[in-house]
Structure formats: C-alpha cells, structure tokens
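Student: generate a structure from the sequence data that follows.
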Amino acid sequence: MSGLFITIEGPDGAGKTSVLEELYPRLQLEAKRDIVKTREPGGVKIAEKIRRIILDPKNSEMDERTEALLYAAARRQHLIQVILPALNEGKIVICDRFVDSSLAYQGAGRRIGIPEIARINEFATEGTEPDFTLYLDVDSDTGLRRIQEHRAHQLDRLDAEGLEFHQRVRHAYLKLAEENPVRIHKVDARMGLQDVVETSFSAIVEAYPSYFKTM
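Tutor: Sure, this is the predicted structure:
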C-alpha cells in the first residue's frame, strides 16, 4: 500500500467528530494527495446498518461478545470497501476510530480481554494497522459531562454506560498509547476545539512532511 492511514481515537466526550470536521478541510488544503474521510462503525451501507444495531439503546440485551463480533464485522466490510482501495490508490485515509476502539471499549470496558479482542480483529483486518493515530485524551468526568450537555437526548448504548466503564476505557487507551509511542500521538482534548485541531494538524504534518505542502 502506498497511501497513508491515519486514525482518530478517544473516549466518549473527547470531541473526535468535531475535531475531524475541522481538521479535514485543513488537511485537504495542504495535502499533496487526495484524502478520504470516513468513520467506524460505518462508512459503507452494510457497516452503517450494523452500527445502528450496535448503538440502538433498545438493544439492551446484546451480549458483550456479540457486540465485539459486530464491530469486527462492520470493520471488515468498511476495510475492504473503503480503506484498502483508497490506500492502494495512494490516498490519505483519515478514519474516526479503528481497532484501538475495540481494544479499549470491548477489551477493557466490557472486560472481555484485550488479547481476545485483538484476535478477533486480526482475523477481520488481516493485520491492517494505522500508520499514525491521534489519541484525544479527556478524563472520564469531563467526557461524560460533555455527553450530557451535548447529546443528552440521543444517548446510545455506550454513552449510557456508567463512570466506571468509561474509566476502564480511558485507562486502556492510555496503556495503548504508552505501548505504541511511535504510532499513537496523545493530544490533550480538554483544550478548546481550535487548540486541539491545531495541535492535531501539526502532529500529522510533522510526522509525515512528504505528504503535505507546508513542510
């Protein structure tokens, strides 16, 4: 693959979607290659349908391992329809969530175990990994407060989990960042949106200067 695969990760309330919406047009202006913006779970028709099943708060009886398998299935479909074709064409792909999310949410949050979730996703992705990951870090109290302020009327199954669940997720992310210091770049998401966007933009451009005009 000749493209560049970037992911954005973070616990609920870190502002990933808002950051990506601001970051994407900036990267477009400076990139020497086409950029594909996408998300998980979702990004393609089949994966979006799986997303609705996973996140529907009415599906409260869903088993933890069923949830993990559905995420992996959605990821596989998205990978073969969007990510791999774009990378093979030399494009830059920037994706809201990837395997790290499953490791943190299902592996740690649901207590299934990170090795078990890693094996499921190894099968689904055939070893595909991001080249670079922005991890937007926010403490669980702040993250949950933001969720209540901005999404109180549309909480999904994961948003509605309690503080202890979200703390386990964050701690798993921090451990992943510690174990993968070259790939994962941590950004303090407690900052204002524009500061987070600027820090994220600089991190990407500095890590891969040959892909951008500014360097």
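Student: excluding chain neighbours, what is closest to Thr17?
Tutor: Nearest residue to Thr17, sequence neighbours excluded (Cβ to Cβ, 6 or more residues apart in numbering): Asp96, at 6.2 Å. C-beta: built from backbone N, CA, C; applies to glycine.
Student: again with Ala68
Tutor: Here the residue nearest Ala68, using Cβ to Cβ, 6+ apart, is Gln106, at 4.2 Å.
Student: how about Tyr24?
Tutor: Closest to Tyr24 by Cβ to Cβ, 6+ apart is Lys37, at 4.9 Å.
Student: and the worst-scoring helix or strand of the chain on mean pLDDT, what does it pack onto?
Tutor: Within the chain, no helix or strand scores below helix 140-151, which has a mean of 84 by mean pLDDT, DSSP states H and E. Judged by 3 or more Cβ pairs under 8 Å, 6 or more residues apart in numbering; DSSP states H and E, the packing partners of helix 140-151 are helix 163-179.
Student: what comes up buried for the next helix or strand after the helix it packs on?
Tutor: Remark: after helix 163-179, the chain's next helix or strand is strand 184-188, criterion DSSP states H and E. By 16 or more other Cβ atoms under 10 Å, the buried positions in strand 184-188 come out as Ile184, His185, Lys186, Val187.
Student: who does strand 184-188 pair up with?
Tutor: Here strand 184-188 is paired, per DSSP bridges, with strand 132-137 (parallel).
Student: from the chain's centroid, how far away is the strand it pairs with?
Tutor: 8 Å (Cα atoms, centre = their mean, to the nearest Å).
Student: ok, residues contacting it?
Tutor: 4-11, 14-16, 19, 98, 100, 170, 173-174, 176-177, 180, 183-189, 196, 200, 203-204, 207-208 (Cβ atoms under 8 Å, 6 or more residues apart in numbering).
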